[in-house]
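1. this is the structure alone, sequence omitted:
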């Protein structure tokens, strides 16, 4: 985690979650996301309460400090809900950071998720039920 690595963009990881196992899991996920994009995760910053307004959170203040000093040039978070509970709040934060020459990335963007997979056909449902029955010891055998 060296912010001076040539050619790599230094980023802060930001997670707002209530318990340590969740923080660790989501921070690791954000770190993998950053690494996959050849970004250096300089520091992982956390807040424990997403219900506190973003500007009042100590972790977010740390992120802003890292951005202001030039230590990082971007922020990676798990989801838009980590930053804003209201519709459009995440985009407003992203625009604000962009105006300051920084970027914001969320590893999970529900608004960009692909459409739900197609529903199962009746024949697929019958086959799945048959497999479940067979797993529990019934006499059913799959059709060939």
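-> Done, it's in. Worth saying up front: this structure is predicted, and the values here are computed from it rather than measured.

2. spatially central residue in this structure, please.
-> The chain has residue 78 as the residue nearest its centroid, 2.1 Å off, counting by C-alpha atoms, centre = their mean.

3. could you pull out the strands in the chain for me?
-> Counting by DSSP state E, the segments of the chain that form strands are 9-16, 39-47, 74-77, 103-106.

4. make TSV out of those strands and add distance to residue 68, mean neighbour count and mean pLDDT.
-> (Glycine included, C-beta is placed from N, CA and C.) Formatted as TSV, those follow (distance: least, C-beta to C-beta, whole Å; neighbours: other C-beta atoms under 10 Å; pLDDT from 0 to 100):
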stretch	distance to residue 68	mean neighbour count	mean pLDDT
strand 9-16	12	24	96
strand 39-47	14	20	96
strand 74-77	12	24	97
strand 103-106	15	18	95
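
5. would you turn the ones you listed into a markdown table with distance to residue 128?
-> Listed next are these as a markdown table, based on distance: least, C-beta to C-beta, whole Å:
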| stretch | distance to residue 128 |
| --- | --- |
| strand 9-16 | 37 |
| strand 39-47 | 41 |
| strand 74-77 | 37 |
| strand 103-106 | 34 |
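
6. hmm, back to that, is it true that the residue nearest to the centre of the chain touches residue 107?
-> Yes: the pair residue 78 and residue 107 qualifies as a contact (C-beta atoms under 8 Å) at a distance of 5.5 Å.

7. what is in contact with those two at once?
-> By the contact definition C-beta atoms under 8 Å, 6 or more residues apart in numbering, residue 78 and residue 107 are jointly contacted by 29, 30.

8. for residue 90, find the nearest of the strands of the chain.
-> Ranking the strands of the chain by proximity to residue 90 (C-beta to C-beta) places strand 103-106 first, at 7.0 Å.
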